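Chemist: Structure for this input, please:
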Amino acid sequence: MNTQLIIKTRQLLFSPTFVTLLLGVVVMLALSGPTVKAQTTAVDAPVDSTVTIAAKGSVSDPNGSITVTGNVSITCRRVIDTTSATSPSLVLLDLDLSGLQGTSGSSRTTLKTYVTGGNHAEEIRPLQASDTIIVTSPYYDSTKGPLTAKTMLVTATLNFDINTGKVTGGTISIGDNVVTKSAVGNFTFTSTGTTTATPN
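Modeler: Numbers count the residues shown, from 1 in each chain. Alright, predicted model coming up:
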């Protein structure tokens, strides 16, 4: 009699209903893990955006004034440092300067074309509504090659949507590679030896 009770108890522990329920719980836990993870990282996921901006300006060259025009394609990726709650969002920028082209001279015999050689500029900046980025780009006579390159200054004022981290537009100007006061701001030296910078 006791033997039969023990056998019945063992049969109940391994019944098909119990096994089915156990498998269901395991499957739910396995499938819910990635879902929970995706929900917690979606806010921190990188946000990509691009914009193309027309650029223009002039460069003073020993061969004469060079008029520079063309389009600059800007690729932006907003990233967030998940290891720090106080770190701002950052934007990784790639400025494709290969579309810039310069010309000098007015007649067929004096006309020269200048290119940048497919140059790119990469910057990491804090995300803000508006940001001014100053980079240099090589330019050279297309008939002579990059070993004769000189540099020009590219000033990009970019606008961003601070909610999404996307670049929305801006302006780009070209000029001589001369760093000016307006580019670096004002510096004030105090009696304690510290330096305070005030951007313009």
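
Chemist: Flag every buried residue along the helix or strand harbouring Glu122.
Modeler: Taking DSSP states H and E as the criterion, Glu122 maps to strand 120-126. Across strand 120-126, burial judged by 16 or more other Cβ atoms under 10 Å covers 121, 123, 125. Backbone N, C-alpha and C define where each C-beta goes, glycine included.

Chemist: who touches stretch 115-122?
Modeler: Residues outside stretch 115-122 that contact it (Cβ atoms under 8 Å, 6 or more residues apart in numbering): 92-98, 100-102, 135-140, 142, 146, 149, 154.

Chemist: at 7 Å instead, please
Modeler: With Cβ atoms under 7 Å, 6 or more residues apart in numbering as the test, stretch 115-122 has contacts from 93-98, 100-101, 135, 137-140, 142, 146.

Chemist: what mean pLDDT does that stretch have?
Modeler: The pLDDT scores in stretch 115-122 average 93.

Chemist: Then stretch 60-72?
Modeler: 92.

Chemist: hey, what's Lys112 bridged with?
Modeler: Bridge pairing for Lys112 (DSSP bridges) gives the partners Ser104.

Chemist: no wait, Thr132
Modeler: Thr157.

Chemist: gap between it and Thr109?
Modeler: To Thr109, Thr132 is 40 Å away according to Cβ to Cβ, to the nearest Å.

Chemist: Same question for Asn177.
Modeler: Asn177 is 28 Å from Thr109, by Cβ to Cβ.

Chemist: before we move on, what about Gly99?
Modeler: Distance, Gly99 to Thr109, using Cβ to Cβ: 27 Å.

Chemist: and if you look at Val47?
Modeler: With Cβ to Cβ as the criterion, Val47 and Thr109 are 51 Å apart.

Chemist: thinking again about what came up before, tell me which of Thr132 and Thr109 has more neighbours.
Modeler: Thr132 (15 against 6; other Cβ atoms under 10 Å).

Chemist: The more buried one reaches Thr157, doesn't it?
Modeler: Yes: the pair Thr132 and Thr157 passes the contact test of Cβ atoms under 7 Å, sitting 4.8 Å apart.

Chemist: Do a quick rundown of the strands in this structure.
Modeler: 47-61, 64-79, 90-96, 101-104, 112-115, 120-126, 130-141, 150-161, 166-176, 186-189, 195-198 (DSSP state E).

Chemist: Now do the first one: everything it contacts.
Modeler: If you take Cβ under 7 Å, 6+ apart as the criterion, strand 47-61 is touched by 65-78, 100, 102, 104, 150, 152, 164-176.
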